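In: Mind looking at a prediction? Sequence and model below.
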Amino acid sequence: MPIIKHISVHSTPLSNIEYILNGEKNDEMKFATGINSTVDSQSAYDEFRRTFEYYAKERFFKSDMNFQYHKNDEKTKFKEKVRIHHYVQSFDPKESVTPEEAHKIGVEWAKKTFGENMQVIVSTHLDKGHIHNHFAVCPYSLDGKKWIDNMNTLRRARKISDEIALEHGLHIIESPKHKNTMKYSEWLAKQNGTSWKQQLASDIDKLILREEVQGVSDLANKLKEQGYTVRLGKYLSVKAPKQKNAVRSYRLGDGYSVDDLQYRILHKEQEISLTAIQRYLGIQREYAICMRQMQIAVFKKKPNRATYSDLRRSAELLNYLSSNNITSARELENRLNAAAEHYQNSVLKKKELSSQIEKVEKIIEDGKVYLSLVEKEYLTTDEKEKYKKISYIEKMDIDSFDNIEQRQKNVESLKSELAELNITIEKQKEERDYILGLFNTYKRDIENNPYENIQRELETNKQIYKDEHEQQKENIPLNNRGL
């Protein structure tokens, strides 16, 4: 029996549909079926959009902003309605199920689960080590009934899947068992941010960026000033107050061995500095701190470890925010929504223009036949039947081939307009996808680095700067203070 998983899609429904209907994944659309829907991604999107917007009274495309906006120091969470229910039905790779059978099972499951009145796309993907079905389900039926996903509906969906699979002689995919090698106390300390090793790594990260730290020995001295017991030799060993045992720095993760620390100190300018962060405003400053945390995370062994590719993407995002003077997450979302709306409007215009060209071309072809028939004195039975089918031409003011030629010129003009529109659509799609990529980068990074942590980091940095500034003032000779 296959297993069923559910994903709620709150944002970018077109991307979700395009992923599900990716020809490279389902053998060039060989295994794609629409229930009350087409299997062309753009057309399916428009069909889902019309149903959703009619019953939900909201715009179908709207980015998911599960971030916290601060108004009058009060935190408010925004949660958008589900745009698409995305289900995945996975088959055991050991099963001998064929793509045809898997797709048949998927269509049968969709009809039994959601009924005949829902818009559903079924696509069987073959690009992984196991065959699996993807389902895009519109949240509202054609008569306005809303699909609610909860444990009851999920259990029912899984039961139906199991019953259908049993009829086909399939088996269940056993859930893998995972062993947790981390002690609960260590896990809890890490989750609560109370691990002394985690705090030590954080202190080292901050000290590395200090101007006066020019080598590992300087770093060791600064750690001593903060109350750590330090021994520097082949290894850097550090013990926090109230701790029984010391830890060698390399055990803190990648980037904490003596050699790595020395390299990081010599190349500290490659990590975004606290001074640079202070030059940004609003969302730019928040993300600059988020970016710095990602840079530091490159050196740490953690589940959501950043990569150098992530850092390049983050630098691109920060530059985009700064150059476009975007200072809030809402502004970034609005820019994405505007780009998506421009693209969608152009696509709709293209469909209307293509339909108009098709109609005019049909009038031209039928008009030519009509004019040739009216010139004849006698018509055969077949010609009379043909004349009857194209009699609508009489109302088109086509009484000569000059009229046909004029309409042909109009078609050429429309085709020229369509060609220019295609170029515009391609550019708008690139812009939408580019901003969407940046938006997803922002969402991912902010979710991995919660706002509270960023704000706490910012306040800590402000205090560090204040203390350093006061210390510098005390060290300035009197004759240099303008006294």
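Out: Looks like it came in fine.
In: all contacts plus neighbour counts: C-alpha atoms, from now on.
Out: Fine.
In: quick one: residue 341 from residue 14, how far?
Out: From residue 341 across to residue 14, the span is 12 Å (CA to CA, to the nearest Å).
In: Please identify which of the two sits among more neighbours.
Out: Remark: of residue 341 and residue 14, residue 14 carries more neighbours, 21 against 16, as counted by other CA atoms under 10 Å.
In: if you skip the residues just before and after it, what's nearest to that one?
Out: Spatial nearest neighbour of residue 14, chain neighbours left out: residue 45 (6.0 Å); criterion: CA to CA, 6 or more residues apart in numbering.
In: residues contacting that neighbour?
Out: Contacts for residue 45 (CA atoms under 8 Å, 6 or more residues apart in numbering) come out as 13, 14, 17.
In: and the second one, that one's in a helix?
Out: Yes - following the definition DSSP: H, G, I helix; E, B strand; the rest coil, residue 14 is counted among the residues of a helix.
In: where's it relative to residue 47, distance?
Out: From residue 14 to residue 47 the distance is 11 Å (CA to CA).
In: Also the first one?
Out: Distance from residue 13 to residue 47, counting by CA to CA: 12 Å.
In: more crowded one of these two?
Out: residue 13 (22 against 16).
In: those strands in the protein, which residues are they?
Out: 3-9, 32-35, 68-71, 74-77, 84-90, 120-125, 132-137, 229-232, 236-239, 247-248 (DSSP state E).
In: can I get those in TSV with distance to residue 268?
Out: Formatted as TSV, the strands of the chain follow (distance: least, CA to CA, whole Å):
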stretch	distance to residue 268
strand 3-9	40
strand 32-35	52
strand 68-71	32
strand 74-77	35
strand 84-90	44
strand 120-125	46
strand 132-137	46
strand 229-232	21
strand 236-239	19
strand 247-248	22
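In: any idea which of those strands scores lowest on pLDDT?
Out: Mean pLDDT per stretch puts strand 68-71 lowest among these, at a mean of 38.
In: Pull the number of nearby residues for residue 362.
Out: 12.
In: And for residue 145?
Out: If we define neighbours as other CA under 10 Å, then residue 145 has 12 of them.
In: go on, the one 4 residues further on?
Out: Around residue 149 sit 15 other residues, with neighbours defined as other CA under 10 Å.
In: same thing with residue 318?
Out: For residue 318, using other CA under 10 Å, the count is 21.
In: Just to check, residue 61 is in contact with residue 15?
Out: No - at 10.4 Å, residue 61 does not count as touching residue 15 under the criterion of CA atoms under 8 Å.
In: okay, those two: which has more neighbours?
Out: Counting neighbours by other CA under 10 Å for residue 61 and for residue 15 shows that residue 61 has the greater number, 20 against 14.
In: now that one: how far from residue 53?
Out: 10 Å.
In: cool, residue 353 as well?
Out: 24 Å.
In: swap in residue 107?
Out: From residue 107 to residue 53 the distance is 26 Å (CA to CA).
In: Likewise for residue 219?
Out: The spacing between residue 219 and residue 53, counted by CA to CA, is 59 Å.
In: between those two, which one's more packed in?
Out: Applying other CA under 10 Å to residue 219 and residue 53 shows that residue 219 carries more neighbours, namely 21 against 15.
In: Look at the more buried one and report its pLDDT.
Out: 94.
In: And for the one 5 residues further on?
Out: Looking at residue 224, its pLDDT stands at 94.
In: cool, and residue 335?
Out: 88.
In: Tell me how many other residues surround it.
Out: Residue 335 has 17 nearby residues by other CA under 10 Å.
In: Next up, the contacts around it.
Out: If you count contacts by CA under 8 Å, 6+ apart, then residue 335 has residue 435 around it.
In: can you tell me how far it sits from residue 55?
Out: 26 Å.
In: cool, and residue 156?
Out: Residue 156 is 25 Å from residue 55, by CA to CA.
In: quick one: which of these two has more around it?
Out: residue 55 (16 against 13).
In: The more buried one and residue 110: what is the separation?
Out: Where residue 110 is concerned, residue 55 sits at a distance of 22 Å (CA to CA).
In: Kindly report the same for residue 133.
Out: For residue 133 relative to residue 110 (CA to CA), the value is 10 Å.
In: and for the two, which residues touch both?
Out: Residues touching both residue 133 and residue 110 (CA under 8 Å, 6+ apart): residue 122.
In: Excluding residues flanking it in the chain, which one is nearest residue 222?
Out: Per CA to CA, 6+ apart, closest to residue 222 is residue 207, 7.3 Å.
In: For that neighbour, give me its contacts.
Out: 213, 219, 222.
In: burial count for residue 92?
Out: Neighbours of residue 92 using other CA under 10 Å come to 19.
In: Brilliant, that's me finished.
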